[in-house]
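Trainee: I need the structure of the sequence given here:
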Amino acid sequence: MSDNEAAIAAAWAQLVDTARRTAAEGLVVGTSGNVSVRVGELVLVTPTGVPYDRLGPADTIAVDLEGRQVVGALRPTSELPMHLAVYRTTDALAVVHTHAVHATAVSTLVPELPLIHYMAAALGGPVRVAPYAVYGSEALAQNMLKALEGRTGCLLQNHGTVTYGAGLDQAYDRTAQLEWMCRLWLTAATLPGRTPSLLSPAQLDEVARRLSGYGQP
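Mentor: Below is the predicted model of the structure:
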């Protein structure tokens, strides 16, 4: 096995693990949602209509950045245009798309997730909602890109979430944080007679500066 083949095999194994995690943690139901990871000039993606627990090494799918399939017999996810749009316009190395319940609920209520928690700074700022367009369409991909400007995650109206990162772990963590913030806002906003306190843009900027040095070197 060549070094490139080994890299693809390792990336596919991690992609399948991440896809299974989205299902296990309730961020998707059935075969909804999808995951991708970039390896050089190739993008590995989950297939359309195949339960994640059935995927193995022989099911590897890879396309080039123009969407031409170069590895695998299964058809790629129908949301391939959305994934490729992220890779073409950002420095993303992984993308996670889910139909998380609380995030999808928020996408039907507001044009932007209210600043309920400082972890919005980890996504680049207030999380926007991309206007609705039918799944798998170029229109949806373009709406998503506008919502992602200066951000690493967004909501898709009446649809779900998209986050990206420098790897699958980071992309997934951002998805989980976004779903948690949406659940937090919905919980606080539904208390009768009470209005949640929100952070100001200045407070969020302060957090963003602190996060730039967060964690271990």
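Trainee: residue 194: helix or strand, and which one exactly?
Mentor: Take DSSP states H and E as the rule and residue 194 turns out to sit in neither a helix nor a strand.
Trainee: show me what contacts it?
Mentor: Residues in contact with residue 194 (Cβ atoms under 8 Å, 6 or more residues apart in numbering) are residue 188. Heads up, the C-betas are built off the backbone N, CA and C, glycines and all.
Trainee: relative to residue 180, how far out is it?
Mentor: As judged by Cβ to Cβ, to the nearest Å, residue 194 and residue 180 stand 20 Å apart.
Trainee: helix or strand next in line after the helix or strand where residue 88 lies, which one?
Mentor: Assigned by DSSP H and E, residue 88 falls within helix 80-89. Sequence order places strand 94-98 as the next helix or strand after helix 80-89, per DSSP H and E.
Trainee: can you point out the buried residues in the helix or strand bottoming out on mean pLDDT in the chain?
Mentor: Lowest by mean pLDDT, DSSP states H and E among the helices and strands of the chain is helix 201-211, with a mean of 92. If you call a residue buried by 16 or more other Cβ atoms under 10 Å, then helix 201-211 has these buried ones: 204, 207.
Trainee: and stretch 21-38, by the same measure?
Mentor: 21-23, 27-28, 31-38.
Trainee: which one among those residues gets closest to residue 121?
Mentor: Among the buried residues of stretch 21-38, residue 27 lies closest to residue 121 (Cβ to Cβ), at 21.8 Å.
Trainee: so who does the nearest residue to that closest one once chain neighbours are set aside touch?
Mentor: Residue nearest to residue 27 in three dimensions, not counting chain neighbours: residue 98, with 4.0 Å by Cβ to Cβ, 6 or more residues apart in numbering. With contact taken as Cβ under 8 Å, 6+ apart, residue 98 is in contact with 22, 27, 28, 32, 33, 160, 161, 175, 179.
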